[in-house]
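# Give me coordinates for this.
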Amino acid sequence: MEPKTKQYLLITIVGVTLFVALLRLSAVLTFAAQLVDLVLPILAGGILALFINVPMTGLEKRLKRLFCKAKKQPSDKVLHLLSFFITLLGVVLVLVLALTLLIPELVQSFHSLYVQIEANIPRWTAYLSAQDADMGWLMSWLEGIDWEQLLHRVTDSIDTVLVNAVGAVSATVNIVVTASFALIISVYMSVGSESLCHHARTLVCAYLKPSHADWLLKFCRLFRQSFANFLTGQCSEAVILGVLMALAFSVFKIPYGSLVGMLTAICAIIPYVGALISCVVSVFLVLLVDPVLAVRCLIVYLAVQFIENQFIYPRVVGKSVGLSPLYTLVAAMIGGKLFGIIGIIFFIPLTAVIIELVKEDACRRIQAREPQRSGPSEQ
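Numbering: from 1, shown residues only. This next block holds a predicted model:
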């Protein structure tokens, strides 16, 4: 079969497939949702493994440099497993430290709120008694209620609540099962990352044209490096923001300064959005102590976050991935609009890779045109 005939046949098959898919759009969307639900643990595990692989790679390089002068050097597999366990231990320690700081503060805040409410109950009761309110309207309103109809409505509401509760329990179990499988898959992917990369490279080279295979492997290589630089810069930025928050709370005499700093550093791993989450939690904690201080907390937090978002974040993270502050902000905005938090995290390194590839292609095209332009002038 001639190449043009193959091309026309492929276009025809694709067109017919798209036409049939549009006619049965609801069935296609249902199948797509089932397919996504089926591969969701694998996707989530792959994303988690990608995050784990960044500190693992850095630790593995440092361990190799550390043991390079030793008489009996450990194998690469041993160093790989050791870096994985050190990374896992670091994540667990950070989570334990955060919970150790957060839970006692929350318990203390709720206890102080309970004490304040209990102390004010007699005053509120005395105030209501002093008003000498006329309760006749309440008695007439109670007499006009159809209790039988109200009982039927309550029964129907209980049935609805039970159905919703069963659905909520089922969804919770599904989330827990998916998260468990994703965690297990991420562990296997992290431990066997070298063999997985080798198998993927072999398949790409076997089933794609050499030019396409080279381009795809180059894209994956650039994205991995860009994502590693992005995550490193993001962690550095999170630490900077946490320290700034702790210092600002100390300067303006707002409680929970160390707790807010730790919470902000953890949540700020999510670009632009994570700090807002920690802001809500911080204002709530201060609100339990003093409503006036909560207003001051909100103002200080938003001021520090604005300065960090506009001046520190684009330079720290943008510099780590090779993006200007404008491109960093645009990439985060587009990624957040399309895919939420995951889009914000992945669109910044993805944009850096796309811009790098476009620059290389533009330079190659310009260099290819230069001999054509210089040819006629030389004649």
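# For residue 47, see how far away residue 59 is.
Separation of residue 59 from residue 47 (Cβ to Cβ, to the nearest Å): 20 Å. The C-beta positions use only the backbone N, C-alpha and C, and glycine is treated the same way.
# Of those two, which one has the most company?
Taking other Cβ atoms under 10 Å, residue 59 and residue 47 do not tie; residue 59 has more neighbours (19 against 15).
# Can you tell me, leaving aside adjacent residues, what's nearest to that one?
residue 83 (3.9 Å; Cβ to Cβ, 6 or more residues apart in numbering).
# Next one: residue 377, what pLDDT does it get?
The per-residue pLDDT reported for residue 377 equals 51.
# Ignore what I typed, I meant residue 219.
90.
# Likewise for the one 10 residues further on?
Residue 229 carries a pLDDT value of 85.
# Would you check that it makes contact with residue 316?
No: look at residue 229 against residue 316 with Cβ atoms under 8 Å: they stay out of range, at 11.0 Å.
# circling back to that earlier point, residue contacts, the residue nearest to residue 59?
Contacts for residue 83 (Cβ atoms under 8 Å, 6 or more residues apart in numbering) come out as 56-57, 59-60, 63.
# And these, which is closest to residue 204?
Among those, residue 57 lies closest to residue 204 (Cβ to Cβ), at 20.9 Å.
# Let me know the next secondary structure element after the helix or strand hosting residue 283.
Under the criterion of DSSP states H and E, residue 283 resides in helix 274-289. Reading on from helix 274-289 to the C-terminus, the next helix or strand found by DSSP H and E is helix 291-307.
# Put the alpha carbons of that next one into PDB.
Once non-C-alpha atoms are left out, helix 291-307 reads as follows in PDB (Å, rounded to 0.1, in the frame of the first residue of the first chain):
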ATOM      1  CA  PRO A 291     -11.500  38.500  67.600                       C
ATOM      2  CA  VAL A 292      -9.500  41.800  67.500                       C
ATOM      3  CA  LEU A 293      -6.200  39.900  67.100                       C
ATOM      4  CA  ALA A 294      -7.800  37.800  64.400                       C
ATOM      5  CA  VAL A 295      -8.300  41.000  62.300                       C
ATOM      6  CA  ARG A 296      -4.600  41.900  62.800                       C
ATOM      7  CA  CYS A 297      -3.600  38.300  62.000                       C
ATOM      8  CA  LEU A 298      -5.500  38.500  58.700                       C
ATOM      9  CA  ILE A 299      -3.900  41.800  57.700                       C
ATOM     10  CA  VAL A 300      -0.400  40.700  58.600                       C
ATOM     11  CA  TYR A 301      -0.800  37.400  56.900                       C
ATOM     12  CA  LEU A 302      -2.200  38.800  53.700                       C
ATOM     13  CA  ALA A 303       0.500  41.500  53.600                       C
ATOM     14  CA  VAL A 304       3.400  39.000  54.000                       C
ATOM     15  CA  GLN A 305       1.800  36.600  51.500                       C
ATOM     16  CA  PHE A 306       1.400  39.400  49.000                       C
ATOM     17  CA  ILE A 307       5.000  40.500  49.300                       C
END
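# buried stuff in that helix?
293-294, 297-298, 300-301, 304-305 (16 or more other Cβ atoms under 10 Å).
# same question, stretch 236-248
Quick answer for stretch 236-248 (16+ other Cβ under 10 Å): 237-238, 240-242, 244-246, 248.
# one step back: can you add distance to residue 79 and give the buried residues of helix 291-307 back as CSV?
Below are the buried residues of helix 291-307 laid out as CSV (distance: Cβ to Cβ, whole Å):
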residue, distance to residue 79
293, 50
294, 50
297, 46
298, 48
300, 45
301, 42
304, 40
305, 40
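# Can you tell me which helix or strand of this protein has the lowest average pLDDT?
In the chain, the helix or strand scored least confidently by mean pLDDT, DSSP states H and E is helix 136-143, which has a mean of 63.
# hang on, the earlier thing: among the buried residues of stretch 236-248, which ones are in helices?
237-238, 240-242, 244-246, 248 (DSSP state H).
# Just name the closest of those residues to residue 323, please.
Out of those, the member with the shortest distance to residue 323 (by Cβ to Cβ) is residue 237, at 13.6 Å.
# need the contact list for that closest one.
Here residue 237 is in contact with 268, 308, 312-313, 316-317 (criterion: Cβ under 8 Å, 6+ apart).
# can you pull the pLDDT of residue 300?
90.
# Quick check: which helices or strands does the helix or strand containing residue 45 pack against?
Residue 45 is part of helix 25-67, with elements assigned from DSSP H and E. Judged by 3 or more Cβ pairs under 8 Å, 6 or more residues apart in numbering; DSSP states H and E, the packing partners of helix 25-67 are helix 76-130, helix 147-191, helix 193-207, helix 210-251.
# pLDDT on that helix, on average?
Mean predicted confidence for helix 25-67 is 83.
# quick check: angle from that helix to helix 76-130?
120 degrees (axes from the mean of the first three to the mean of the last three Cα atoms, to 10 degrees).
# What are the contacting residues of stretch 170-189?
By Cβ under 8 Å, 6+ apart, the list of residues contacting stretch 170-189 reads 40-42, 44-46, 48-49, 52, 196.
# for that stretch, which positions count as buried?
182, 185-187, 189.
# got it, and stretch 215-225?
Buried, per 16+ other Cβ under 10 Å, within stretch 215-225: 222-224.
# Make JSON lines out of those and add pLDDT and distance to residue 97.
Conversion of the buried residues of stretch 215-225 to JSON lines gives the following (pLDDT from 0 to 100; distance: Cβ to Cβ, whole Å):
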{"residue": "222", "pLDDT": "88", "distance to residue 97": "35"}
{"residue": "223", "pLDDT": "88", "distance to residue 97": "32"}
{"residue": "224", "pLDDT": "87", "distance to residue 97": "29"}
